[in-house]
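*Asks:* quick one, structure for this:
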Amino acid sequence: MQIEQIYTGCLAQGAYYIQSAGEAAIIDPLRDTAPYLRRAEKDGVAIKYIFETHFHADFVSGHIDLHQATGAPIVYGPGADPAFDAIIAADGQEFRIGNATIKVLHTPGHTLESVTYLLRDEQGKDYAIFSGDTLFLGDVGRPDLAQKKDGITKEDLAGMLYDSLTNKIMPLADEVIVYPAHGAGSACGKNMMKETVDTLGHQKAVNYALNQPDKAAFIKAVTDGLLPPPEYFPANVLMNKQGYRSMDEVMKKGLMALNPSAFEKAANDTRALILDTRDNAAFAAGFVPQSVNIGLKGDFAPWVGALIGDVQQPILLVSEPGTEPEAIGRLGRVGFDNVIGYLDGGFESWKNAGRVVDTVDRISAEKFAAQYDEDITVVDVRKESEYNAAHVKNAGNKPLADISSWIKMLDPDKHFYIHCAGGYRSMAAASILQMHGYRNFSEVAGGMNAIQQTNVPVTDFVCPSGNNK
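*Replies:* All right, here's what the predicted structure looks like:
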């Protein structure tokens, strides 16, 4: 028996490949299915089942494309209602993978159909659980994504999650390995550890959610402090339930090379969003006007989901030449299938054609330090937790994820400075600000990392209540 965790850092997502005696199973596959197919071919095994722990919200799964490529049936837990053929397993139902067994444990709470898969080895011993979004390392799945119109609340779901953990997971042996669907950085939880594999015994000791004194305390602990889910989550759930176009079709449509004239015409005719995936330093120096910068070398797909939101939005790409397939593939992971072409030759072709070029007023941390006094306006677009740990004195915290709300409160006539940790998020914010007509700001290169090397005063810690410690 062999288990491989195929972890994708951009999405903080773990898919799993299990093989035994010539047969394999895939759990929670990503949409780009080539790695699973290559692995099975290399091992000389047949993929027998495709297991889904639930209808995912934060990415589009590869279950349909993988089924079409292999013929392997898709398996969901009790109560699932996909619009395609699938095995809807019963609680306790078992599936053979070679000489190993996978047992379905219905663990509702994150969603109603959520399951945990218990893997038993060739000797029949409980070996590992694939816990989906039921149990993370350091956390549990958020219980606010599957609320229905019939009155079910996040507190109801949290109560179900407590029962699932108490009755199905906690009784398992301490040495059982926990393989979760996500790690730190995912929006599906709020307190995940950076590790991606652990033992259940260690989680029983350190996971705050598993150490609540009773059900009421558990419900309060897991529902407190939840940030609103990204706007694209419901669309991804729908695609995972109803189906989607093949990635081959999406890629073919997106890989339409357009010269500057055709690119400009497509932008005007379709009202497409121009997405520039280059490094933030390259973007600052020059870009196609009205572009949004979300760098490919970063948490690209989640930020696209958070900042663009509408998966139906037509998109035109400006990328480093040769990276367009990667950009289209990573957009497809979160359901953004409507790429209608890319700028052939990248930004250089636009510039060489004599087209209008825009820039961002990016200044060094040293220049920011020279201009700093306590009366200037500083906008810190990092997460609240980062801001609370250390921030420029008198800076205001306006997280990038919330820009659609706070952009409306800016004074278009008063100059301000904007920064993040290193420049990735602040350049995304700068591009969105300029797209909406704001030009009255300077973006600080290198962000807080660079600012802390200057003499700009920094507040080292502010607790969430606002009381300095």
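*Asks:* now do the buried residues in whichever strand or helix holds residue 379.
*Replies:* Here residue 379 sits within strand 378-380, counting by DSSP states H and E. Across strand 378-380, burial judged by 16 or more other Cβ atoms under 10 Å covers 378-380. Every C-beta, even on glycine, is put in place using the N, C-alpha and C of the backbone.
*Asks:* what of stretch 217-229?
*Replies:* Buried positions in stretch 217-229, judged by neighbour count with 16+ other Cβ under 10 Å: 218-219, 221-223, 229.
*Asks:* next: stretch 114-123.
*Replies:* Neighbour-count burial for stretch 114-123, counted by 16+ other Cβ under 10 Å, picks out 114-120.
*Asks:* got it, and stretch 313-321?
*Replies:* Across stretch 313-321, burial judged by 16+ other Cβ under 10 Å covers 313-320.
*Asks:* and stretch 228-248, by the same measure?
*Replies:* For stretch 228-248, a neighbour-count test (16+ other Cβ under 10 Å) marks 229-230, 232-233, 235-241, 244, 247 as buried.
*Asks:* in strands only, show me those residues.
*Replies:* Among the buried residues of stretch 228-248, none falls in strands (DSSP state E).
*Asks:* show me what the strand holding residue 379 is packed against.
*Replies:* Here strand 378-380 touches strand 391-392, strand 396-397, strand 416-419, going by 3 or more Cβ pairs under 8 Å, 6 or more residues apart in numbering; DSSP states H and E.
*Asks:* if you set the cut-off to 10 Å instead, what comes out?
*Replies:* Here strand 378-380 touches strand 391-392, strand 396-397, strand 416-419, helix 424-435, strand 441-444, helix 447-451, going by 3 or more Cβ pairs under 10 Å, 6 or more residues apart in numbering; DSSP states H and E.
*Asks:* how much space between the closest residue to residue 309 other than its chain neighbours and residue 71?
*Replies:* Nearest non-adjacent residue to residue 309, counting by Cβ to Cβ, 6 or more residues apart in numbering: residue 231, 3.6 Å away. Distance, residue 231 to residue 71, by Cβ to Cβ, to the nearest Å: 35 Å.
*Asks:* distance of residue 220 from residue 213?
*Replies:* 11 Å.
*Asks:* swap that for residue 273, sorry
*Replies:* Separation of residue 273 from residue 213 (Cβ to Cβ): 49 Å.
*Asks:* looking at the two, which one has more neighbours?
*Replies:* residue 273 (21 against 7; other Cβ atoms under 10 Å).
*Asks:* tell me what that one is bridged to.
*Replies:* Counting by DSSP bridges, residue 273 is bridged to residue 315.
*Asks:* which residues touch it?
*Replies:* Taking Cβ atoms under 10 Å, 6 or more residues apart in numbering, we find residue 273 in contact with 267, 290-292, 304, 307-308, 310, 313-317, 336, 338, 435.
*Asks:* go again with 7 Å.
*Replies:* Listed by Cβ atoms under 7 Å, 6 or more residues apart in numbering, the contact partners of residue 273 are 292, 308, 313-315.
*Asks:* reformat those as TSV; add pLDDT.
*Replies:* Formatted as TSV, those follow (pLDDT from 0 to 100):
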residue	pLDDT
292	98
308	94
313	96
314	97
315	98
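*Asks:* tell me the one of these nearest residue 367?
*Replies:* Proximity to residue 367 was ranked across the contacts of residue 273 by Cβ to Cβ; first place goes to residue 292, at 25.3 Å.
*Asks:* quick check: which element contains the closest one?
*Replies:* Short version, using DSSP H and E: residue 292 is in strand 291-293.
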